[in-house]
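# the following comprises the amino acid sequence and a computationally predicted model.
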Amino acid sequence: MRYGFIGLGHLGRHLASSLVRGGFPVAVHDRDPAAAEPLLKLGATWAASPAEAAREADGLITCLPSPKASESVIEAALNGSESGGFKSGATWIEMSTVDEPTLARLSPKLSNRRVEILACPVTGGVHRAEAGEITVLVGGEKALFERHRGALEAMGGEVIHLGGHQQASVTKVVTNMLAFIHLIACGEALMLCKQGGVDLATAFKAIKASSGNSFVHETESQVILNGSYDIGFTMDLACKDAGFALDMGRRFGVPLKLAGLMEQTFIEGRAKYGGGAWSSMIVKLLEDAVGEDLRAPGFPARLEAE
């Protein structure tokens, strides 16, 4: 099986690296050619355009920052010249976080070229992608999933088939919604500890060993306590995914009170610190309001692959 891979950002470059290390032939493309250099050293080949990345691929994988970017890339791959573009019978494997309506809008155009879709968003953080242990949430026909299972397992740890495109999309958005809510709560908890005279390094250990623990506390609290906030995920991306959650709530008739407050908090954080700021900086809103930083020695500036 041959793959094209488009989008070599914080997350995509690790997924593509794992795919190459897994022994798959991979043609890579990114708006920034320099981003491909580490992949080329591993054995990937360079594709000058999305159409060229798709030309010989059994699966074209995208890992991009927005539905608009994904749609633009797929249109470019569909409209490639004679020397490029999707081949009949190929699969678009979307590993970005996109809404199901975007997939539904593109599906007829792809079907006309006999191209099928797997929605495969990932969750668990950049450090888990670097270790090849990120969780892959799969939506699409079971037989199509089985066809590409080897590639998905090369990129991830646990690979879970959830049903159709909508089921994968909803589940990914839910995981991010919970993570953002937990992140805000972690900031409030740590600030309470600091103001109550608890050593923050000790507080971190106590929370980790308690019923109040969460994946977000174990990971993002560390880069907050370091002061780097570097989680490899931006305010812009957080606001996009929070918006998806609220849109789904409206579509499915589910009142999302906590998610609504979370979304407004992230919109405030983006307005204050910029869309390119790390999403973990959302706790800085509280730090600024109280006039106290949440810092403790011994925590990493960046989470390392395990």
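That came in fine, so what should we check first?

# and for the helix or strand of the chain with the lowest mean pLDDT, what's in contact with it?
The weakest-scoring helix or strand in the chain, judged by mean pLDDT, DSSP states H and E, is helix 100-111 (a mean of 91). The contact list for helix 100-111, computed with Cβ atoms under 8 Å, 6 or more residues apart in numbering, reads 67, 70-71, 74-75, 78, 86, 92, 94, 116-117, 119, 165-166, 169-170. C-beta: built from backbone N, CA, C; applies to glycine.

# what's the first helix or strand after that helix?
Elements were assigned by DSSP states H and E; along the chain past helix 100-111, the next helix or strand is strand 116-119.

# buried sites along that following strand?
The neighbour-count check on strand 116-119 (16 or more other Cβ atoms under 10 Å) flags 116-119 as buried.

# centre of the chain to it, how far?
Centroid separation between strand 116-119 and its chain, computed with Cα atoms, centre = their mean, to the nearest Å, is 17 Å.

# start at 704, not 1
Got it, the first residue is 704 from now on, which makes the last one we talked about strand 819-822.

# strands paired with the next helix or strand after that strand, and their directions?
Later in the chain than strand 819-822, the nearest helix or strand by DSSP H and E is strand 825-826. Using DSSP bridges, the strands paired with strand 825-826 are strand 838-842 (antiparallel).

# quick check: angle from the strand it pairs with to helix 803-814?
Using axes from the mean of the first three to the mean of the last three Cα atoms, to 10 degrees, the direction of strand 838-842 lies 60 degrees away from that of helix 803-814.

# tell me the buried residues in the least confident helix or strand of the chain?
Buried, per 16+ other Cβ under 10 Å, within helix 803-814: 803, 805-806, 809, 813.

# ditto for stretch 790-799
790, 793-799.

# in which helix or strand would I find Glu849?
Secondary structure assignment for Glu849, by DSSP H and E: helix 845-858.

# still on that earlier bit, just give me the closest of the buried residues of helix 803-814 to Phe936.
Minimum separation from Phe936 among the buried residues of helix 803-814 (Cβ to Cβ) is found for Thr805, which lies at 20.2 Å.
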